[in-house]
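> any chance you can model this:
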Amino acid sequence: MSGTYSQLLEYVIFAALLFYVLTVAGLLIQRKKNPDTPRPFMVPLYPVLPILYLVLASVVMVGQICLSPGYSGAGLLIILSGLPAYFVWQKRADRAR
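Numbering: from 1, shown residues only. You can find the predicted model right below:
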């Protein structure tokens, strides 16, 4: 109903890469903001590996946007479609406080 397996995979890959990039960027930001926080796990070759991952994953995302903008855009729209629900739940949580 929503497309072939290949099309669905392109939606998911773009969305997954976006969240992976945001997660790794969050790691870098947290380590910069809170350098004295105890770390139960140390990232090997920090910060080289996280930065390398950010660069390579971003290249893949840009390549996917260039090669199939429709599917990548649809994947991004699927993610953005969750924003109204987030704001509704956030407003309810604020009222409950």
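> model confidence for residue 7, exactly?
Per-residue pLDDT puts residue 7 at 77.
> and it, what is it in contact with?
Contact partners of residue 7, counting by CB atoms under 8 Å, 6 or more residues apart in numbering, are residue 71. Heads up, the C-betas are built off the backbone N, CA and C, glycines and all.
> buried sites along whatever helix or strand it lives in?
Element membership for residue 7, per DSSP states H and E: helix 5-33. Residues of helix 5-33 classed as buried: 10, 11, 13, 14, 15, 17, 18, 21, 24, 27 (neighbour count, 16 or more other CB atoms under 10 Å).
> nearest to residue 51, of those?
Closest approach between the buried residues of helix 5-33 and residue 51, by CB to CB: residue 24, at 8.6 Å.
> for the closest one, give me its contacts.
Residue 24 touches 50, 53, 54, 57, counting by CB under 8 Å, 6+ apart.
> next one: it, what pLDDT does it get?
For residue 24, the model assigns a pLDDT of 95.
> next one: residue 65
Looking at residue 65, the pLDDT reads 90.
> how about residue 2?
On the pLDDT scale, residue 2 gets 64.
> list of residues touching stretch 50-64?
By CB under 8 Å, 6+ apart, stretch 50-64 touches 10, 13-14, 17-18, 20-21, 24-25, 27-28, 43, 71-72.
> how does it look with 6 Å?
14, 17, 21, 24, 27, 28, 72 (CB atoms under 6 Å, 6 or more residues apart in numbering).
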